Every structure is written in C-alpha cells, then in structure tokens.
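Novice: Just the structure for this:
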Amino acid sequence: MEHLSHKRKVTVMMAIIAAMFFSSINQTIVSTAMPRIIAILGGMDHYTWVVTIYMLTSTIATVLVGKLSDIYGRKPFILTGIVLFIIGAFLSGFSKDIFQLIAYRGIQGLGAGVIMSSAFTAVGDLFAPRERGKWTGVMMAVFGFSSVIGPALGGFIVDHMSWKWVFWIFLPIGIVAFIMILTMFPKTARRESESIDYWGSIFLTLSIVPLLLGFSWAGTTYPWDSIEVISLFGAAVLFLILFVFVELRVKSPVLPMSLFRNDIVTLSNLIGFIMNAGMMGALIYLPFFVQGVKGISPTYSGYVTMPMSIAMVVISAFTGKWITKTGKYKRYALLGMPVMIAGMVMMAFMNSIGMAVASMIVFGLGLGLGMPVFSLTVQNAVKPTDLGVATASSQLFRSLGGTIGISVMGTIMATSLKNNIADKMAANGGAMDMSKLDPATAEKFQFLSGPQALLDQPKLEQVQQSLPDALQPVFNQVVELLRDALSSSLTTVFLSGAALLVVALVLVLFLREIPLRTSNKMEVSEEGKEKEAQQAAYSEGLAADPALNKA
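Specialist: Have a look, this model is predicted:
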C-alpha cells in the first residue's frame, strides 16, 4: 500500500484511527469504573481475572492474526475484530455476576487483539519506517486522548447512571468505525503461495493458555508449589517445545523462529515484555489508591489520572516527529525509561492526591518518550513481507508481559494485603468481637471484612449512617485500618513494578540502533546485489538459449 497517494493514505489512516479509538476508549472507560462494578457484582478475589482474561484472549488473537493478515490482508481482520469487540461489549452490560463479566470481557479481548494487530501492521504497509515515527506518535496520541476522557467518563457513569452504560455508550462509534474500514480500506490480494500453519497455531495457543492460567492461579487460587500450578507450567513447556518443533519444519510458520536470530527483534521484544509486566501490573491498581485509600469518587478519580494521559499525548506526538526528523530512536528510550521509573517510585510513596497527580505526570512523560520506540525497532529490522508477523510478535510479548505482570502483581497484592491487615489488626488489639453485637449490627460490620468495602463508597456511607453514634468511632477505626493496609500493599506493588522497569532500562543499553529506512524496500548489500545480477544474467541466458531451457 506504499504506492497509494498521500491523500489516500491519510484517508485510510482516518479509518484505522477510528477503529483504534473505538477499541481504546472502551478499555480506558472501564479503568475507573471497574472497582465499583466489582463491588456491585461481587467477586473481589476474581478482580484481576477481568483484566487477565481480556489480555489472554487478545494475546492469542494478536499472534494468530499477524501471519494470517500477511496472507489475506489486514482489512477482513480489522472488520472481524470490530464485530467481536461490539458483541463482547454489548454482552458485558448484561452480566449478572463476575463470572459472566469475565467471559464477555474475553470476547472483547479477542476483538481488541485482532484490531490492534491489524491496525499497527497496516501503518507499516502504508508508510516507510522513517515516516512511521510520526504516525506512531499520532496513534499513541489516540490512546492518550482515550485515556484522558475514558476514565473520567467511566467514573461519571457509575456515579450517575447504571454501570451497564460503561460498556454500551460507545457502541455507535464501533459501527461508524466498521463502515469507515469497509469503505476506505483498500483490499489486497491473497498470497497464493502461502499456507496456513494450523498445527503451529494450535500448539502456540496450547502453550500460552496454561502459562497464563498458571501465573493467574499461583499464589491466590493455588499455592505456587501445588500440583495444579506445576502441571500448568509443565503443559506450557511441553506445548512450547512442540510449537518450536513445528515452526522449524513448516513452510509458512505462524511465528518464524528466524525472527529471533535478529538481535534487535529479540531484545526489543524482551524489553517490551518486561516493561509491560512492570507497568501494567502496577498501573491496574491506581484506582485502588485514589478510590480506596483516599475515598475519591469514581468521577473525580478519572480527573486524578487524567494528567498522566495528557502528558503522554503531548510528548508522544513530539517524540514521533523527532524520530521522523532525525531517524534516531534509541535516545528516546534511554531518556523515557528513567523518567517512567521515577514516576513509579513516586507512586509507591504517594500519600496525597497532589503527589498522585505529580507522579502520574512524570510517568506519563516517560511513557510518551519510551513507548513509541519498540514497535518501530522491530518493524525497521525485518523484511516488509514479515511485517505482520513481526508486529504480532512485538505485541505478543507485550501482551504476555502485561498479563503475567498483572497476575504476579495480583499475587503480591493479595499476599501483602493479607499480611498487612493481620499486622494492623494485631497492632490495634485484634479483631472486634462480633459476639458482643446484635446480629443486625454484626452483619453490617461484616461488610468491612476486606478492602472491597472501600470501593463501594455509597454502600460504605449507607452502612455508616445506619450505625448508632456509639459505634461510629469503631467504624471509623476499622475503615482507617483497611485504608492503611491497602496503602501499604500498593506501595509494595508499585516498587515491584519500578524494579522491573529498571531491568528493562538495563536491556535498552544493549539495544543496537540501525538507521530507519526511508522506504519499505530493504536495502541490499553489495554481495546481495552481485548475486541478483548473476541470477538476472542466468535468467536471460535461459530465455535466449532453448537448449539450456530444455536442460
């Protein structure tokens, strides 16, 4: 698609941006609303699964679609992704309990994975690597813009409307995006010589699912050394070995092992994995501090997180322009990563809304500098024919990192919270003796058995108002104890995230930088040019001499 006129490219980009905005706004609008939704539906123990299942299904969809879109083109997959996302969002609004919500979010994840994989790869089809810096910045700005309005709008909806509208309000944009992709996006011919790697796809899926299930259940549902968790990890390793065995032998592998002989691709994917593990694993708990520890309503919680998104939007737009202008990218990762680490450390020690806003601004600045880099490095290092599968590999490792990070941080959070509550209860003379209270009052205090109560502020206020004046000090004491325990646990989570970002920064130092190409055609070495000339001369000889042709 690089041959299209600039006007047509911009038109196609408008359609891609519409699809991406639909997907991203439906993700960010949920962030501040989810604590309240979980409090209403119940199932605090399964909170991370609402996010984990989304990332699990999107991860699988991302890598499978990468190769398929190289064969069939991007258009049918973006359209399919939009339809799946609309279905998942529509059904999520009808959830009766946490388990239905998890299932429907899984369908949304499938759609999101297909949309994101196809959209990012389509940008690679349209523009040369040197130009992609600018458009990558624009796409990051789309994510940032949705991050600005999404959380605030999600909080407003759960405060003033039924929570179902969190999933339904932007469905019309999905229909508009579908029409735009259908009418504006060019159709590409199928590569007839390519075959579909069914066995590779199956074994890859069978290795990802038990791996992520193992990380999700370890330390929470089952102990790390339990037979269930060990069996899941063992199955993941077995299917991974089978997957590699298949990929080394099939004609058109879903994830070519040759990609990982490229040190830039391998290191960029490893950095993306570790960075997302630290970042996603920690940032998912930001609303817990704002709403749970500080008691801010979901509406205003969105305003507190907004500065991070604004900072990211502004800086990512400039970063994209700078990369396009200079052709250099490593310097922005080296600058952005330390800033992200500083922001995460600030989050670990934030004790006020002002400090929370400051830490989010710092983190957003680092995010805007560092995030646009690593998709560019991968796309710039591979042949255009491998663009889809290379982009998918990048998103696969990021998604795996985010999913595993959320699971591990969830374990850290749950363990730390349990220990902190026990320690603070012991320091305050132990748990309150419920036997001395009448059954109705004891039932009200049972609501305060865990930090989930802090996230349902209307009910928390209702319970407090229903208690007699004599029990108000006890109620306030228990609430403060829960807030202290939650705050201490969040500190542990954010510091763990910062530690992972430090590892990612060290790896960036070893990332080899090559010039960004000004065309989608790979430059050919002198040796390669000589071989091409020899092949051309040989072909001309065959055409000119029938005897040679018969031979």
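
Novice: from here on, contacts and neighbour counts on C-alpha atoms
Specialist: Fine.

Novice: count of residues packed around K330?
Specialist: Neighbourhood size, K330 [other CA atoms under 10 Å]: 20.

Novice: May I see the buried residues of the helix or strand harbouring L481?
Specialist: Using DSSP states H and E, L481 sits in helix 472-508. Using 16 or more other CA atoms under 10 Å as the test for burial, helix 472-508 gives 475, 478-479, 481-502, 504-505, 508.

Novice: List the contacts of V209.
Specialist: Counting by CA atoms under 8 Å, 6 or more residues apart in numbering, V209 touches L56, A236.

Novice: Buried residues of the helix or strand harbouring it, list them for me.
Specialist: Using DSSP H and E, V209 falls within helix 198-217. Buried residues in helix 198-217, counted by 16+ other CA under 10 Å: 199-201, 203-217.

Novice: I'd like the mean pLDDT over it, please.
Specialist: If you average the pLDDT over helix 198-217, you get 83.

Novice: show me where the stretch 101-250 of the chain has strands.
Specialist: For the stretch 101-250 of the chain, no strands are identified by DSSP state E, counting those that start in this stretch.

Novice: what residue ranges in it score low on pLDDT?
Specialist: Residues of the stretch 101-250 of the chain meeting the criterion pLDDT under 70: 129-130, 132-134, 136-137, 144, 188-195, 220.

Novice: longest helix anywhere in this protein?
Specialist: helix 387-427 (DSSP state H).

Novice: and that helix, what's its mean pLDDT?
Specialist: Mean predicted confidence for helix 387-427 is 78.

Novice: Which strands and helices lie in contact with that helix?
Specialist: Counting contacts by 3 or more CA pairs under 8 Å, 6 or more residues apart in numbering; DSSP states H and E, helix 387-427 is packed against helix 47-72, helix 98-126, helix 198-217, helix 263-283, helix 373-380, helix 472-508.

Novice: Would you mind giving those helices as TSV with distance to T305 added?
Specialist: Converted to TSV, the helices and strands packed on helix 387-427 look like this (distance: least, CA to CA, whole Å):
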stretch	distance to T305
helix 47-72	18
helix 98-126	23
helix 198-217	26
helix 263-283	10
helix 373-380	24
helix 472-508	15
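
Novice: Okay, now the unreliable bits of the stretch 301-450 of the chain?
Specialist: For the stretch 301-450 of the chain, the stretches with pLDDT under 70 are 302, 388, 428-450.

Novice: redo that, cut-off 90
Specialist: Along the stretch 301-450 of the chain, the parts satisfying pLDDT under 90 run over 301-333, 336, 347-357, 360, 363-450.

Novice: what number of residues lie near F318?
Specialist: By other CA under 10 Å, the residues close to F318 number 19.

Novice: Could you check how far it is from I341?
Specialist: The spacing between F318 and I341, counted by CA to CA, to the nearest Å, is 21 Å.

Novice: same deal with Y104?
Specialist: 34 Å.

Novice: Could you check which of the two is surrounded by more residues?
Specialist: I341 (26 against 23).

Novice: that's a helix at the more buried one, yeah?
Specialist: Yes. Counting by DSSP: H, G, I helix; E, B strand; the rest coil, I341 is part of a helix.

Novice: ok, it touching L501?
Specialist: Yes. Contact criterion CA atoms under 8 Å: I341 and L501 qualify, at 6.1 Å.

Novice: In the stretch 451-551 of the chain, where is pLDDT below threshold?
Specialist: Applying pLDDT under 90 to the stretch 451-551 of the chain flags residues 451-494, 497, 511-551.

Novice: The same query, at a cut-off of 80, please.
Specialist: The stretch 451-551 of the chain contains residues with pLDDT under 80 at 451-472, 474-475, 477-479, 515-551.

Novice: returning to what we had before: tell me how far the longest helix of the chain lies from the chain's centre.
Specialist: From the chain centre to the centre of helix 387-427 is a distance of 12 Å (CA atoms, centre = their mean, to the nearest Å).

Novice: and the angle for it with helix 263-283?
Specialist: If you take axes from the mean of the first three to the mean of the last three CA atoms, to 10 degrees, helix 387-427 sits at 30 degrees to helix 263-283.

Novice: when you compare where helix 387-427 runs with where helix 198-217 runs, what's the angle?
Specialist: Using the same axes, to 10 degrees: helix 387-427 against helix 198-217 is 10 degrees.

Novice: So G370 is in contact with V339, correct?
Specialist: No. Using CA under 8 Å, G370 is not in contact with V339; the gap is 9.2 Å.

Novice: so L91 makes contact with Y104?
Specialist: Yes. Assessed by CA under 8 Å, L91 is found in contact with Y104 at 6.0 Å.

Novice: how close does the residue lying closest to L242 once chain neighbours are set aside sit to K418?
Specialist: Excluding its sequence neighbours, the residue lying closest to L242 (CA to CA, 6 or more residues apart in numbering) is F203, at 6.7 Å. Separation of F203 from K418 (CA to CA): 38 Å.

Novice: Going by neighbour count, which residues of stretch 350-357 are buried?
Specialist: Those would be M350, A356, V357, for stretch 350-357 by 16+ other CA under 10 Å.

Novice: Counting only helices, which of those residues make the cut?
Specialist: Per DSSP H, the buried residues of stretch 350-357 map to helices at A356, V357.

Novice: could the buried residues of stretch 350-357 go into a markdown table alongside distance to F260?
Specialist: Listed next are the buried residues of stretch 350-357 as a markdown table, based on distance: CA to CA, whole Å:
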| residue | distance to F260 |
| --- | --- |
| M350 | 40 |
| A356 | 40 |
| V357 | 40 |
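
Novice: Now flag whichever of the buried residues of stretch 350-357 is closest to F233.
Specialist: For those, the closest approach to F233 (CA to CA) belongs to M350, at 36.4 Å.

Novice: ok, now which ones touch that closest one?
Specialist: Counting by CA under 8 Å, 6+ apart, M350 has contacts A356, S359.

Novice: Perfect, I'm done here.
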